[in-house]
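S.K.: have a look at this prediction, sequence included:
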Amino acid sequence: MLRKTELRRTYRARRDAIPLHEREAASDRIRGRVLDLPELAAARRVFVYVSAGSEVQTYTLIEALLAAGKTVAVPRITNLDAGQMEAVPIKSLKELVPSPGPAGTFGLLEPQGGQALEVAPDLTIVPGLAFSPITGVRLGVGGGFYDRYLTANPDTLPVGLAFNAQLRDTLPAEAHDARLSMIITESHGISIDL
């Protein structure tokens, strides 16, 4: 089994190699699949990552969720060294600014003000570099932010967004790695039985 560091490098390069127009088209299909989820229809509060770089794009998904009347929260890093973040509700993408705090290291956009959700979101949309559709294991960038958040909020439904090129049957997992319940790609909606 390849080590996590090697897998991160391989799958970041694989994702980056997808031509921009293909990533945009695939992101549109993924957004449609997410919006069709019965679990999303039932959700009142949704926590969504703000896409950066070659990740599955979430800006139009966030706008669609806001238009549907959902409470939409996005990440704000509170402790970079400890890998901690909070889910902060927004009303508009205009509230997102380059992070003056720890997330600025990653070039991420965050809400500048606002208070974190006081209760767990019904559904959490998670990024990553590689995903196992068999085990629900997700390989993130290595900070542990989503693993800690999902462990602290076990009642949220964790859904990973990925391009088909990011799927891998087996990925290394450690005891602290949070598993996903679903993975949505441009051609599949995969439910994982844990």
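M.R.: Happy to help now that I have it.
S.K.: end to end on stretch 140-150, go ahead and measure it.
M.R.: Criterion C-alpha to C-alpha, to the nearest Å; first-to-last residue distance in stretch 140-150 is 13 Å.
S.K.: so for the spatially most central residue of the chain, what's the pLDDT?
M.R.: Centroid check for the chain by C-alpha atoms, centre = their mean gives Val126 as the closest residue, at 2.0 Å. Listed pLDDT for Val126 reads 97.
S.K.: contacting residues around the longest helix along the chain?
M.R.: If you go by DSSP state H, the chain has its longest helix at helix 20-35. Residues from elsewhere that reach helix 20-35, judged by C-beta atoms under 8 Å, 6 or more residues apart in numbering: 18, 40, 54, 56-57, 60-61, 64, 68, 125, 159, 161, 163-164, 184-187, 189. Yep, even glycine has a C-beta here, placed from its N, CA and C like the rest.
S.K.: and if we set it to 6 Å?
M.R.: When contacts are defined by C-beta atoms under 6 Å, 6 or more residues apart in numbering, helix 20-35 is touched by residues Val56, Gln57, Thr60, Leu61, Ala64, Leu161, Phe163, Ile184, Glu186, Gly189.
S.K.: so how far is Asn164 from the closest residue to the second one other than its chain neighbours?
M.R.: This means Gln57. Closest residue to Gln57 apart from its sequence neighbours, by C-beta to C-beta, 6 or more residues apart in numbering: Ser27 at 3.9 Å. To Asn164, Ser27 is 12 Å away according to C-beta to C-beta, to the nearest Å.
S.K.: neighbour count: the two, which is higher?
M.R.: Per other C-beta atoms under 10 Å, whichever of Ser27 and Asn164 has more neighbours is Ser27, with 21 against 11.
S.K.: ok so, going back, just flag the most distant two among the contacts of helix 20-35.
M.R.: Spatially, the most separated pair among the contacts of helix 20-35 is Ala64 and Phe163, at 19.4 Å (C-beta to C-beta).
S.K.: of those two, who's got more company?
M.R.: Phe163 (21 against 15).
S.K.: so who does that one touch?
M.R.: With contact set as C-beta under 6 Å, 6+ apart, Phe163 has these partners: Ala26.
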